[in-house]
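Asker: Give the three-dimensional model of this entry:
(chains A, B and C)
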Amino acid sequence: MPAFLFVTVFLIYPVIDTLRISFFNRNSTEFIGLDNYEYVFTNSTAQSALLNNVLWLVLFTVLAVGLGLLFAVLSGRVRYEAMAKAAVFIPMAISFVAAAVIWRFMYAYAPEGFTQIGLINAAGTGVGLEPIAWLVEHPLPYTDVTLPGPLHTNNFALVAVGVWMWTGFAMVILSAGLKGISTDILEAARVDGAGEWQIFRRIILPVLSPTIAVVATTLVIQALKKFDMVWVMTAGNFETDVVATLMFKQMFNFSDFGRAAALAVVLLAAILPIMLISIRRFRAQEET
Amino acid sequence: MAGVRFKNVTKRYGKVLAVNGFSLDIADKEFLVLVGPSGSGKSTALRLLAGLEEINEGNIYIGDRLINNVPAKDRGIAMVFQSYALYPHMTVFQNMAFGLSLRKTPKDEIKTRVEKAADILDITELLKRKPRQLSGGQRQRVALGRAIVRKPDVFLLDEPLSNLDAKLRVQTRAGLSKLHQRLGTTFVYVTHDQVEAMTMATRIAVMDQGIIQQVGKPQELYNRPDNAFVAGFIGSPAMNFFEASVTNGPQGMKLDMDTFSVPVPKDRLSALNPFLKKKITFGMRPEHIHNREFLPPGCEADGDCITASPVKAKVEVTELMGNEIFLHLVAGDKSFLARVDPRTSAKPGQDIEVVFNMDNMHAFDPETGQAIHTQKEKGQGEGKEKVEKSIDLPS
Amino acid sequence: MMARKLEPLLSPADGFLPRLRKILSRWPLHVILIVTALLWMTPSIGLLISSFRPATDIASSGWWTAFQTPFEFTLDNYSDVLSQNRMGQSFLNSLIITIPGTVVPIMVAAFAAYAFAWMRFPGRNALFIFVVALLVVPVQMTLIPVLRLLTDLNMAGTFPAIWLAHTGYGLPFAIFLLRNFFGALPKELMESARLDGASNMRIFFRLVLPLSVPAIASLAIFQFLWVWNDLLVAMIYLQNPELAPMTLTINNLVSSFGTEWQLLTAAAFISMALPLVVFFALQRYFVEGILAGSVKG
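Answerer: As a prediction, the model looks like this:
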């Protein structure tokens, strides 16, 4: 089967090879044991990248699924459903690169006193707030508080762009799942005396939970693999590196293949439990 | 406990009139069956009563409360859906308790009520299962149970038997009648199956094209249908219809169907007189067409049955049902069905003689489809109306 | 009599007040929806408007001021981008990469999915689960070994290399989606075709493929968007700027001409145009397809 040839060359062989490389030095000429992994977990840049990925994982997934669900539920109740959904879905069709251009434009910053051409800062200064360099600045906007670790303004700004792009995906699949719920059940609940909120909490949410799990899994994997967007928006500068961008830098800027491979292995290790869960769920699905 | 009253209710979907000027009084404790072919508006009428659809015109009352703008949950109704609509993620117990828990009923009471309903329906041992682990019949009972525990004023059932196999359906029919007697609650039941309607209803409303065609007790609809639609819909196998001209011959008035003719019984003469030399639609139920060899008791003694000149017909197909046999017959270009004694020796291809029991004939105006009733039948019909109107809904 | 008792209570079924109350109660719903939809569109609209504005305007004022007088719109940005910055060539490159990068994996995946769904061979399920498991291997992890392999084969930096790469990366998802869809086709259909004497090949081409148009179309949208929008794979396997797709060229623009907004906006919009067209053209299949494939029950 040609399919297996492809899969082997592009996915299976690399996994094994990466694992091997991660125990070797930068040119893969000398075995150095766990040194590369020590780097991943002790080096401050690498640590920051790992923490950033955690932020992405939690915030990005929760926001995209939550907003997607909200939008799927609400838009199903109006006549202009298709149009409202298209508006949210369009960013899905845009490349990360184009999205980055769009959002650099939204976040654009000029020092106080100059004309703001970024919409957000223009709106901010319009109501008398000082302009913010969203992609650079660390303190919490409009305060002097600097939050620790990954909780920097620019990381949130990047996550917002991610959410902007992926909410549409969550929405489309969740709304397909919603349409699959038989109207009889909803009507039965209504006759049983449930209000709209109770129907949502006690019927829709539990019945939809397998679909929500599918969407969440996909988004978690997306969050872990996040590369393009960060790379184009900030190139990982100002402590916005995630594992994937750091790996890329290790590989091509510093030519340290060992460290890059170690980062990749850590990424895979993070995804592994999710993989196991999805396999189990897939099996369960096959049985029913 | 309450009756239901529809007053001139109309429901439109775009330009389509789903329910048209629907007026119906349902007395307390009645088992009313709304029956009609698919698309007749019967389910829509039920959903209007349930509060799942909005009324365009008219009023609906439960008891003496106008409920047009009352949300479904406050109407004091419970509904059993065709698909049962069990909540897939809840156990049987949770399914049944859901409505009560939404009303903040105390836990102990929920438990007692669910257990009692489960006992009535014999599903106690299923309470911990999920819907997908149940058979069709069990699901159906759970759906009933979910409605029972709510102790509604009115029970709504939307084709609850249509997903069961034939044998279970017959059993459940009897079960539902028993349940109705036991609960003493008003039942409004929608079905397309006239057998269900005939067997369970205290009264039937036949619907077609959004309009009530006739309301009455099962036997009334069977004996005295108001129009050709009701006549054809109620009764199985369905009534035979013939195009007939009313003519006057040497032996008196008869119905002429080109290839054969049958005499008009005396008590019909005056009613059919206005149609002399015109066409009517002549209806005859299969059970009133007899094989000449085996006339049923009563028919032999009756002069009309014998004098009704025998009709020669060719047997096309025979269907043995056990205690009776259906003969598909052809006389000239007319084909019709007779339901006869199984001892008959008729074989496909054979010519036999059948007798039309004209005492049970039906006649309809071919243009309006309305029944041409005798004076006596009209009197009965009016009496029936009066009886209905005097049913007072207790408040 | 019931009727008499009821008369005073009669009121028009759809009176003015209840209807008004109904509209008002739905008011927040509409506001939330419309505001969100507008919010979601704002960035894209901003980009679109900016791409038609002269360079000096873009740099000196916000795009939302564009509709104040004097109206100044221009197509210069587009002509500049298309002529000067290798953008025209990149657009072509993108097509050259994307079309085989979409068609090949779908064809291969369709065969494999058919085998997984309808042919019996030992280890079928285990193998399928294994393929699905590969869905979660991060692409980044494979870059180094594959790049080395391609270099050894003298294929690094060529179109075939990137076609193969996209095929490899796209396969697990494509197989997963199509197998679920094929598996949901009625078994009786296959059986009756087999009784009619159809071979596997025939069943596949005459029966399975035509019936799977929604799933294949939605998969095609996904794969197309991924390949078209991909930056990483192109960046690594195609170092030659002559062969660079749009994403790569725009990315270089971003880093080298960080302030030349007018070119960036026009270029970004050009790169968005085709995916948007494809998306709207095939949108109908989209929901159907994923619904059938990945969200069962």
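
Asker: quick one: contacts for the closest residue to residue C:113 other than its chain neighbours?
Answerer: On the basis of CB to CB, 6 or more residues apart in numbering or on different chains, the spatially nearest residue to residue C:113 that is not a chain neighbour turns out to be residue C:178, at 3.6 Å. (C-beta placed from N, C-alpha, C; glycine too.) Neighbour list for residue C:178: C:109, C:110, C:113, C:114, C:212, C:215, C:216, C:219, C:293 [criterion: CB atoms under 8 Å, 6 or more residues apart in numbering or on different chains].

Asker: and if you look at residue B:87?
Answerer: Residues near residue B:87 by CB under 8 Å, 6+ apart: A:185, A:188, A:189, A:203, A:207, B:94, B:95, B:98, B:131.

Asker: Out of these, which end up buried?
Answerer: The neighbour-count test (16 or more other CB atoms under 10 Å in any protein chain shown) applied to those identifies A:185, A:188, A:189, A:203, A:207, B:94, B:95, B:98, B:131 as buried.

Asker: Specify which member of these is nearest to chain C.
Answerer: residue A:207 (9.5 Å; CB to the nearest CB).

Asker: and the host helix or strand of that closest one, is it in reach of chain B?
Answerer: Per DSSP states H and E, residue A:207 falls inside helix A:205-225. Yes: Helix A:205-225 reaches chain B (CB under 8 Å from any CB of the partner chain) through A:206, A:207, A:209.

Asker: same for that helix, what does it pack against?
Answerer: Contact partners of helix A:205-225 among helices and strands, from 3 or more CB pairs under 8 Å, 6 or more residues apart in numbering or on different chains; DSSP states H and E: helix A:61-75, helix A:153-180, helix A:257-287.

Asker: Could you dump those helices into a markdown table and include mean pLDDT?
Answerer: As requested, those are exported to a markdown table (pLDDT from 0 to 100):
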| stretch | mean pLDDT |
| --- | --- |
| helix A:61-75 | 87 |
| helix A:153-180 | 81 |
| helix A:257-287 | 73 |
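
Asker: Of those helices, which is nearest residue B:272?
Answerer: For those, the distance to residue B:272 is smallest for helix A:153-180, at 57.7 Å, taking CB to CB.

Asker: which helices and strands does the closest one pack with?
Answerer: On a contact count with 3+ CB pairs under 8 Å, 6+ apart, helix A:153-180 meets helix A:44-55, helix A:61-75, helix A:81-89, helix A:96-107, helix A:205-225, helix A:228-233, helix C:27-51, helix C:261-294.

Asker: Which of the ones you listed sits closest to residue C:82?
Answerer: helix C:261-294 (7.5 Å).

Asker: could you pull out the strands for chain C?
Answerer: Remark: strands of chain C are absent; assignment by DSSP state E.

Asker: Poorly predicted segments of it, please.
Answerer: For chain C, residues meeting the criterion pLDDT under 70 lie at C:1-25, C:55-72, C:84-85, C:132-133, C:135-138, C:140-141, C:254-261, C:283-297.

Asker: Please work out which residue of it is closest to chain A.
Answerer: Here chain C gets closest to chain A at one residue, residue C:168, 2.6 Å apart by CB to the nearest CB.

Asker: how near is that residue to residue A:234?
Answerer: Applying CB to CB, to the nearest Å, one obtains 29 Å for the distance of residue C:168 from residue A:234.

Asker: So the two - more neighbours on which side?
Answerer: Neighbour count, other CB atoms under 10 Å in any protein chain shown: between residue C:168 and residue A:234, residue C:168 has more, with 26 against 21.

Asker: on that earlier part again, same list, the residues of helix A:205-225 next to chain B, but as TSV with pLDDT and distance to residue B:249 please.
Answerer: Shown next, in TSV, are the residues of helix A:205-225 next to chain B (pLDDT from 0 to 100; distance: CB to CB, whole Å):
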residue	pLDDT	distance to residue B:249
A:206	85	76
A:207	83	72
A:209	81	78
